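> Got a predicted structure plus its sequence, pasted below:
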Amino acid sequence: MKYISIGLLSLMSIVASEALAQTSPHIHEHGSIIKGVQLPNSDFEHWYAVKNDDNYYDDIGDSASSKNTWSTGNAGYVKGVGRHAIRGAMPTDKVQGENGGFAARLTTHEVGLGVFAKKGIAAGSLFTGVFYIDPDSRFLLHDNQIRPIFGVPFTSKPKSFSFKYKYQPAPVVENGRDSKMDGMVDAMDAYVILENRSGGSVKRLAIGWFRSSATQNTWKEQTVPLVYAHGSAPAGLQDYEKRILKYGPETVNERSLDPSDKQPLASWGDISTMNPTHIIVVFSSSYEGDDFIGAPGSTLTVDDFKLNY
């Protein structure tokens with residue numbers, strides 16, 4: 001496993017800092033006032049059209065040149081399927097929400113020719129940060145050429161997060177080699193991580209993680225508590241909650257497709273002496289999507305993300 005240099009970490013922080021992560025500390029909902037900073041476009045109402053050959057698809061945000069808080073992996077999917085990437089058939093699409101606005105639909109797809117690069121599965125994803133594509137990259141061959149960079153600037157300390165969702169896991173899980181993963185059940189992921197990125201290091205300060213393989217056909221609001229660290233991993237976390245992410249500022253992501261090939265343990269800070277500088281929010285239609293493993297057709301629809309104080 002290689003680690004990105006301090007210079008590249010600083011560059012990524014500069015890129016991320018250009019995305020305005022915080023809005024007014026008061027928002028109205030159902031006639032009441034919620035105190036605390038919220039992320040822009042966390043109701044997932046703003047999308048823009050992207051031209052791809054003779055077709056178009058939608059991506060989240062105001063425009064490709066805007067300083068958007070949220071990103072998707074759609075641009076990476078386009079690298080794999082080319083002109084076949086069209087509106088309504090992307091890993092992440094806009095769809096009608098519960099109350100008439102928009103929501104984000106995340107769907108796990110087969111990538112076809114991506115199999116030759118051992119990346120034949122693309123999970124639908126929605127996250128805070130940017131999706132980086134090396135301008136010299138022509139194919140999906142190297143993870144350091146095309147990847148999400150997680151996190152946007154954020155300094156508050158929420159107690160929990162909530163979102164509305166529906167989930168339909170598909171029955172057959174496959175890996176990037178176009179083979180079935182017998183006995184494996186797909187699941188959705190939704191998680192928030194608060195980090196302190198300063199002095200050339202990354203310290204995890206809080207985490208909240210919701211993973212579920214249960215079918216949820218109607219809209220449901222889910223609230224997930226954030227647990228804060230005091231110098232070590234909080235008690236009661238699952239093993240995967242203690243690991244650094246397979247994408248993002250910490251690693252260049254040279255890894256195998258073996259799910260048992262674990263990431264290094266995260267480095268934890270102390271919330272009593274440190275403050276958050278960045279927030280990572282991630283939704284995925286397949287929990288092993290970062291290893292190009294998932295069930296084609298698994299669909300997670302999310303709306304109305306909020307931070308609770």
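Yep, that arrived. Residues are numbered from 1 along each chain as shown.
> Wasn't Tyr48 part of a helix?
No. In this structure, Tyr48 is strand, not part of a helix, as judged by DSSP: H, G, I helix; E, B strand; the rest coil.
> can you tell me which residues contact it?
58-59, 61-64 (C-beta atoms under 8 Å, 6 or more residues apart in numbering). The C-beta positions use only the backbone N, C-alpha and C, and glycine is treated the same way.
> top of these by neighbour count?
Asp59 (23 neighbours; other C-beta atoms under 10 Å).
> and that one, what is it in contact with?
By C-beta under 8 Å, 6+ apart, the neighbours of Asp59 are 47-48, 50, 72, 74-75, 92.
> Give me the pLDDT for the nearest residue to Lys262 once chain neighbours are set aside.
Sequence neighbours aside, Arg243 is the residue nearest to Lys262 in space, at 6.1 Å (criterion: C-beta to C-beta, 6 or more residues apart in numbering). You'll see Arg243 listed with a pLDDT of 94.
> List just the nearest of the contacts of Tyr48 to Val152.
For those, the minimum distance to Val152 (C-beta to C-beta) is 12.3 Å, reached by Gly61.
> I'd like the distance between the closest residue to that closest one other than its chain neighbours and Glu98.
Residue nearest to Gly61 in three dimensions, not counting chain neighbours: Asn68, with 3.3 Å by C-beta to C-beta, 6+ apart. According to C-beta to C-beta, to the nearest Å, Asn68 stands 23 Å off from Glu98.
> Also Pro148?
Pro148 is 27 Å from Glu98, by C-beta to C-beta.
> Of these two, give the one with the bigger neighbour count.
With neighbours defined as other C-beta under 10 Å, Pro148 and Glu98 compare such that Pro148 has more, 24 against 14.
> quick one, phi psi at the more buried one?
With angles defined as degrees, to the nearest 10, Pro148 sits at phi -80, psi 150.
> Contact partners for it?
Neighbouring residues of Pro148 by C-beta under 8 Å, 6+ apart: 71, 73, 125, 127, 129-132, 247-248.
> From those residues, which land in strands?
In this view, the contacts of Pro148 that belong to strands under DSSP state E are 71, 125, 127, 129-132.
> just those now: which is nearest Val152?
Closest to Val152, out of all of the ones in strands among the contacts of Pro148 and judged by C-beta to C-beta, is Gly129, at 6.2 Å.
> Which residue, other than its chain neighbours, is closest to that closest one?
Phe150 (4.4 Å).
> pLDDT at that neighbour, what is it?
The model's pLDDT for Phe150 equals 95.
> Quantify the burial of it by counting its neighbouring residues.
24.
> and what of Gly88?
10.
> now do Gln263
Neighbours of Gln263 using other C-beta under 10 Å come to 17.
> residues in contact with the nearest residue to it once chain neighbours are set aside?
Excluding the flanking residues, the one nearest Gln263 by C-beta to C-beta, 6+ apart is Arg243, at 4.1 Å. Arg243 sits next to 262-266 when contact means C-beta under 8 Å, 6+ apart.
> So Tyr77 belongs to a helix, correct?
Yes. Secondary structure of Tyr77 (three-state DSSP): part of a helix.
> wait, it sits on Met90?
Yes. Counting by C-beta atoms under 8 Å, Tyr77 does reach Met90; the two are 6.4 Å apart.
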